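Engineer: Following is a predicted model, sequence given first.
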Amino acid sequence: MKIAIVGTGYVGLVTGTCFAEIGVDVICVDTNTEKIESLQKGIIPIYEPGLEDLVLRNSKSGRLTFTTSLADCLNDVEVVFCAVGTPPDEDGSADLSYVLSVARTIGQNMNKYVLVVTKSTVPVGTAKKVRKAIQEELDKRGVSLEFDVASNPEFLKEGNAVADFMSPDRVVVGIESERAEKVMTKLYRPFLLNNMRVIFMDIPSAEMTKYAANAMLATRISFMNDIANLCELVGADVNMVRSGIGSDSRIGRKFLYPGIGYGGSCFPKDVKALIKTAEQNGYPMRVLQAVEEVNENQKGILFEKLGKLFDGKLEGKTIAVWGLAFKPETDDMREAPALVLIEKMKAAGCNIRVYDPIAMEECKRKIGDAVYYAPDLYDAVLDADAVMLLTEWKELRLPSWQVIHKAMNGNIVLDGRNIYDKKEIEEQGFIYHCIGK
Ligand SMILES: NC(=O)c1ccc[n+]([C@@H]2O[C@H](COP(=O)([O-])OP(=O)(O)OC[C@H]3O[C@@H](n4cnc5c(N)ncnc54)[C@H](O)[C@@H]3O)[C@@H](O)[C@H]2O)c1
């Protein structure tokens, strides 16, 4: 089978590469010429564990190719996956302009049946808009061609994307024709060998499933952050509470970690978009409004703690920041809490020294030379009055506190991810604060 994947970002590149790995012929399409030229030369534009080897191997075998022209490959493929971005519009709703532009290109250039599958996260009703956009272009051309639309939301996690795609908990597919169901079953059959579940449903339900999943996970995070903040006030330890409730099989252990708020390219925008969809339908999503409010507050929580520790006198203080990416194992800094904290500290007159194992270049692209970029975690703490841990990268988990104590000017450690042992750090002469204890 031959397919095209439109949009060669985190989702599109992983999807295309993994389909190629199981034997499908895949053409990855992107309008970003630089990205496509890099990929054609074997340079991978994003950091995602395990991806580079797979891209190189499948490119070499000829099963994975890259192009900037969707029009040129439409006659060769049976399925077109749309994995372009759906960033938030000014009012919080999902911007569908990229998705609909892909649909129009398909309508303008197709000459035979094609199944158009939306993998981007899109609000309920988008498949109808995609169908309409394609049909309008066919009508303009005065041609009558059959096509199907389907929804196949993606649940991969950045940092573990290849493994998630290869062995997902489930695959959700929204379809409205038997033909589309047959094609999607054939495409995902190799994965079924690993006992994976493909859940077929109607398209609106599939579109809603993706938002409901992300909204549920964001809710768990905000709920735990709220509990953590209360734990601090009443003298409880949120880590104990987390173990206590996570061992209840009805609750489970995942996504119960308090911290500095969720970020990334999905949760913030998807929660906003779902609130907006509800609003457009005259229904207020009260729980999600609170989830967002708690999250906004949580992104500033370490700055508040810092202010208290220095009696509000932050001007001229040097702060080391460990970790910039919104989570470990990715270079993605979209909506990263680090950006909010850095902005607040800069506004308060702090000097900032940052270190991240992977996301330094991405940070430079976002904020330029507003901060000092340290070559390693020890250089970051030189003469620092305080050090903040923002992303729990493995290499930051067991630093030498003795070396750090000597290098620092002050002795404050703010642990935004609760990964350090309070007693051990305090014994080394530090003042230690984390979330929810
Ligand atoms: N990143 C994730 O972890 C994740 C997980 C699940 C779902 N999603 C969803 O998947 C979608 C894509 O997310 P992403 O993180 O991969 O985005 P991304 O920004 O990394 O990549 C999107 C790509 O689409 C390209 N593009 C835009 N318009 C195009 C067009 N008309 N033709 C061809 N290419 C075009 C862009 O150049 C870019 O390379 C979004 O809807 C997102 O919400 C993302």
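Structural biologist: In hand now; what should we look at? Numbering: from 1, shown residues only.
Engineer: What residue, apart from its backbone neighbours, is nearest residue 285 spatially?
Structural biologist: Take residue 285 and drop its neighbours on the chain: the residue closest to it by Cβ to Cβ, 6 or more residues apart in numbering is residue 278, 4.3 Å away. Where C-beta positions appear, they are placed from N, C-alpha and C, glycine not excepted.
Engineer: Can you give the distance of the helix or strand hosting residue 278 from its chain's centre?
Structural biologist: For residue 278, the host element (DSSP states H and E) is helix 267-280. For helix 267-280, the separation from the chain centroid amounts to 16 Å (computed by Cα atoms, centre = their mean, to the nearest Å).
Engineer: wait, isn't the residue nearest to residue 285 in contact with residue 284?
Structural biologist: Yes - Residue 278 is within contact range of residue 284, at 6.5 Å (criterion: Cβ atoms under 8 Å).
Engineer: Which one of those two is surrounded by more residues?
Structural biologist: Counted by other Cβ atoms under 10 Å, residue 278 and residue 284 do not tie: residue 278 has more neighbours, with 16 against 10.
Engineer: that older thread, need the contact list for the residue nearest to residue 285.
Structural biologist: 284, 285, 288 (Cβ atoms under 8 Å, 6 or more residues apart in numbering).
Engineer: List the buried residues in stretch 64-79.
Structural biologist: 64, 65, 66, 67, 70, 73, 74, 77, 78, 79 (16 or more other Cβ atoms under 10 Å).
Engineer: which one among the residues you listed gets closest to residue 115?
Structural biologist: Using Cβ to Cβ, residue 79 is the member of these that sits closest to residue 115, with 4.7 Å.
Engineer: SS state for the spatially closest residue to that closest one that is not a sequence neighbour?
Structural biologist: Of all residues not flanking residue 79 in the chain, residue 3 sits nearest, at 4.3 Å (Cβ to Cβ, 6+ apart). For residue 3, the assignment made with DSSP: H, G, I helix; E, B strand; the rest coil gives strand.
Engineer: element containing residue 171, please.
Structural biologist: strand 170-174.
Engineer: Quick check: mean pLDDT of the next helix or strand after that strand?
Structural biologist: Scanning forward in sequence from strand 170-174 by DSSP H and E, the next helix or strand is helix 178-192. In this model, helix 178-192 has an average pLDDT of 91.
Engineer: before we move on, what about stretch 301-308?
Structural biologist: pLDDT averaged over stretch 301-308 gives 97.
Engineer: One more: stretch 334-350?
Structural biologist: For stretch 334-350, the mean per-residue pLDDT is 98.
Engineer: tell me the phi and psi of residue 213?
Structural biologist: Reported as degrees, to the nearest 10, the phi and psi values for residue 213 are phi -60, psi -50.
Engineer: Assess the claim that it and residue 155 are in contact.
Structural biologist: Yes - using Cβ under 8 Å as the test, residue 213 is close enough to residue 155 to be in contact (6.5 Å).
Engineer: In a markdown table, list the buried residues of stretch 64-79 along with pLDDT.
Structural biologist: A markdown table is the format used below for the buried residues of stretch 64-79 (pLDDT from 0 to 100):
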| residue | pLDDT |
| --- | --- |
| 64 | 98 |
| 65 | 98 |
| 66 | 98 |
| 67 | 98 |
| 70 | 97 |
| 73 | 94 |
| 74 | 96 |
| 77 | 97 |
| 78 | 97 |
| 79 | 98 |
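Engineer: Among those residues, which ones are in strands?
Structural biologist: Those of these mapping onto strands are 64, 65, 66, 67, 79, per DSSP state E.
Engineer: Determine which two of those residues are furthest apart.
Structural biologist: 66 and 79 (17.3 Å).
Engineer: Pull up the residues of the stretch 51-200 of the chain that are close to the ligand.
Structural biologist: Neighbours of the ligand within the stretch 51-200 of the chain, by Cβ under 6 Å from any ligand atom: 83, 84, 85, 86, 98, 101, 102, 120, 121, 154, 156, 158.
Engineer: If you rank the residues you listed by neighbours, which is first?
Structural biologist: Going by other Cβ under 10 Å, residue 83 tops these with 30 neighbours.
Engineer: pretty sure it contacts residue 9?
Structural biologist: Yes - applying Cβ under 8 Å, one finds residue 83 in contact with residue 9, separated by 6.9 Å.
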